[in-house]
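*Asks:* how would this look folded up:
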Amino acid sequence: MAGSGWAQSVADLTAEAEALFPMRYELANMERLIGVYEALLAAEPGNAAVLAQLAQVWYERAVFAPEEEKEAILRTAADYGFRSLGLSGLDEGLSLSDEKLRALLARTTDPAAILWTGHSWGLLLGRMNPFAAFASLGKIRTMYERVIELDPGYWGGSGPQAYGALLANLSDYGILFGVKLADAKTYFEWALTLDPTYLENHIAYAWEYARRAKDRALFEDLLHYVLEAPIGDWPFWNRHAKVKAAEYLHEVDRHFR
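*Replies:* Numbers count the residues shown, from 1 in each chain. Modelled structure (predicted):
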């Protein structure tokens, strides 16, 4: 999207990225922002912070994409994410043993690089061979545990929130992973305590926990809170949360038959 043909200096590109970032909820701004980050990467190849930013914005870009385009976009996000962790890309990341992944994460101190890599990889699991996806769940869990260890409050409490969502999904497999749905509740509550203004925390709690627990009152309370809350400091994700809240409430009878 962007390359050496961009005439702007690194300082100008950085300033433009900072201006575009809060407005990336509009597709044109998101695409321009991706281009700016890719131009920054061309100017500073291997810059881990820029690679982590690219992992994030490509992950977010998938929100706008039609279903048939999401996998390619998520692969791009995960590829940038694993590069931000010092690997050659997605293929090397997928080939890591549990031991090598733990060693890599122990050397990594940037929660952003781990979180957005884990998010992208996690969404890819549903599109992978079921056996390969199943084998990767423990690795995703390890990544979110490291995010929590480094900074549980990063990105509005996304580490505990994502860990809660993962535990809720693992509880679907019964005793196989030694996880109960109630285990997830603690992490959702923690995320809400860390940042109640990050509305994705409420969405995840409703969808991943309350829906599974058949707690309709909690489900509706969380989603009504999202609809009534201000956009605040999270212009991209809080807008997304409001769309999902309206969608889930519209279909509430189907979810609680």
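
*Asks:* where's T197 relative to Y173, distance?
*Replies:* The gap separating T197 from Y173 is 33 Å, by Cβ to Cβ, to the nearest Å. Quick note: C-beta positions are derived from backbone N, CA and C, even for glycine.

*Asks:* With neighbour numbers in mind, choose between those two.
*Replies:* T197 (15 against 12; other Cβ atoms under 10 Å).

*Asks:* I figured that one hits P235, correct?
*Replies:* No. Counting by Cβ atoms under 8 Å, T197 stays clear of P235, with 11.7 Å between them.

*Asks:* in which helix or strand would I find the residue nearest the centre of the chain?
*Replies:* For the chain, H119 is the residue whose C-alpha lies nearest the centre (Cα atoms, centre = their mean; 3.8 Å). Element membership for H119 (DSSP states H and E) is helix 111-125.

*Asks:* Report the mean per-residue pLDDT for that helix.
*Replies:* The average pLDDT within helix 111-125 is 96.

*Asks:* who does the helix or strand just after it touch, helix- and strand-wise?
*Replies:* Following helix 111-125 in sequence order, the next helix or strand is helix 130-150 (DSSP H and E). Using 3 or more Cβ pairs under 8 Å, 6 or more residues apart in numbering; DSSP states H and E as the contact test, the elements touching helix 130-150 are helix 98-107, helix 111-125, helix 154-170.

*Asks:* got the angle between helix 130-150 and helix 154-170?
*Replies:* Going by axes from the mean of the first three to the mean of the last three Cα atoms, to 10 degrees, helix 130-150 is angled at 140 degrees with respect to helix 154-170.

*Asks:* What lies in contact with helix 130-150?
*Replies:* Residues outside helix 130-150 that contact it (Cβ atoms under 8 Å, 6 or more residues apart in numbering): 94, 96, 98, 101-102, 105-106, 108-111, 114-115, 117-118, 121-122, 125-126, 128, 154, 158-160, 162-163, 166, 169-170, 177.
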